[in-house]
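> Model the following, please.
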Amino acid sequence: MIDLNDDVILANNMRSRAYVKYTPYTVGAVLTTRNGKKYTGCNIQNNGIQSYCAERVAFLKAISEGEFLFDRIVIMGGPKGKPAEKCLPCGYCRQFISEFVDKDFKVYTVYDNKVEEYTFEELLPYSFKLD
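Residues are numbered from 1 along each chain as shown. Here you go, the predicted model:
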């Protein structure tokens, strides 16, 4: 199995940067490109039409820097000041992410001292043409 220790530390640190004025739910994410570069994100709530999820923030940072080849994302989320709980991308993020990844892109959620791994095809199966 791949060593995710650094990603877990980064994702947990990003949770502390979340701007959560409207709900107490904090999320941190670490997106890793195929060449090993990491982009972080945290959720940013606002009073407007749409808030920004940690996953999308990480992807937007990477894409704006010219990155388009992605390997994995590690996500940690939960109520502010409490341990992480199982946290996966919302439906909007799944649709957004599907534009930039293949069906084998890995999504990891970390909580209760365990790591769960998903392929993107498992999270959004009808977005990819199956062989």
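
> all contacts plus neighbour counts: C-alpha atoms, from now on.
Fine.

> Which stretches in this structure count as helices?
Under the criterion DSSP state H, the chain contains helices at 5-15, 54-64, 91-98, 120-123.

> Packing partners of the first one?
Put plainly, it is helix 5-15. strand 25-33, strand 38-42, strand 70-79 (3 or more CA pairs under 8 Å, 6 or more residues apart in numbering; DSSP states H and E).

> do the shortest one as well
The criterion is 3+ CA pairs under 8 Å, 6+ apart, and there are no helices or strands that helix 120-123 contacts.

> just the CA coordinates of it, formatted as CSV?
Only the C-alpha atoms of helix 120-123 are listed here, as CSV (Å, rounded to 0.1, in the frame of the first residue of the first chain):
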residue,chain,number,x,y,z
PHE,A,120,-13.3,7.3,-9.0
GLU,A,121,-15.3,4.9,-11.0
GLU,A,122,-16.7,3.5,-7.7
LEU,A,123,-17.8,7.0,-6.7
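
> right, so the helices and strands packed on helix 5-15: which one is the most enclosed?
Each of the helices and strands packed on helix 5-15 was scored by mean neighbour count; the highest is strand 25-33, a mean of 26, by mean count of other CA atoms under 10 Å.

> Columns mean pLDDT and distance to P89 on top of the helices and strands packed on helix 5-15, output as a markdown table?
Supplementary listing: the helices and strands packed on helix 5-15 in a markdown table, determined by pLDDT from 0 to 100; distance: least, CA to CA, whole Å:
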| stretch | mean pLDDT | distance to P89 |
| --- | --- | --- |
| strand 25-33 | 98 | 10 |
| strand 38-42 | 98 | 12 |
| strand 70-79 | 98 | 8 |
